[in-house]
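Enquirer: please find the sequence and the predicted model below.
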Amino acid sequence: MAFRPATDSLLAAVETLSDHTLARRADLGALLEMRDRPGAQQTLEELSFHAKFVHRAHGILTRIGRDGEGYERLAAEFGASMEKTVRLLTDFIASAPPEVRTHFAATYCAMTQEALASMLALCHDLAWYKNWLIDDAARSGGRA
């Protein structure tokens, strides 16, 4: 998929920040491409916030295991944040072209193991976008 130069530049910056670990680069680019629509920037920022939590919580849950202290509470928070992330993604792509909506719905929002794995990979990439937002805000003196 070809993106606008501004999107390519932002995607390259996020990829560099992630040390070239983006798992769903093209789909992250598709989301970034839509960020200029009215209200989209705020929704994308909220989506990236929840995605970063999902990504980090999943890592902690995996590391501590079911018998780890606080696992049940964190697992509940993880589930709630995952639901919020899926809802925000669904809202964000609602006005996208039909082929984009279909792709994202099937790849990330379906109730399958594959979709969950794909969503976790997208959350990884969105977490890096959130990190870029934080770094960009620090550079410009604004907020993320």
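Expert: Perfect, I can see it now.
Enquirer: for stretch 17-25, give me every contacting residue.
Expert: Contacting residues not belonging to stretch 17-25 are listed as 11, 14-15, 28, 118, 121-122, 124-125, 128, 131-132, 135 [Cβ atoms under 8 Å, 6 or more residues apart in numbering]. For every residue, glycine as well, the C-beta is placed using N, CA and C.
Enquirer: mind giving me the PyMOL command for buried ones among those residues?
Expert: Buried subset of the contacts of stretch 17-25, written as a PyMOL selection, criterion 16 or more other Cβ atoms under 10 Å:
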select buried, resi 11+14+15+28+118+121+122+124+125+128+131+132
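Enquirer: could I get the contacts of stretch 17-25 as a markdown table with pLDDT and distance to Ala94?
Expert: Output for the contacts of stretch 17-25, formatted as a markdown table (pLDDT from 0 to 100; distance: Cβ to Cβ, whole Å):
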| residue | pLDDT | distance to Ala94 |
| --- | --- | --- |
| Leu11 | 96 | 22 |
| Val14 | 97 | 24 |
| Glu15 | 97 | 27 |
| Leu28 | 98 | 18 |
| Ser118 | 98 | 19 |
| Ala121 | 98 | 22 |
| Leu122 | 98 | 17 |
| His124 | 98 | 23 |
| Asp125 | 98 | 20 |
| Trp128 | 98 | 24 |
| Asn131 | 96 | 26 |
| Trp132 | 97 | 24 |
| Asp135 | 91 | 29 |
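Enquirer: between the contacts of stretch 17-25, which is nearest Leu44?
Expert: Leu44 lies nearest to Leu28 out of those, by Cβ to Cβ, at 10.4 Å.
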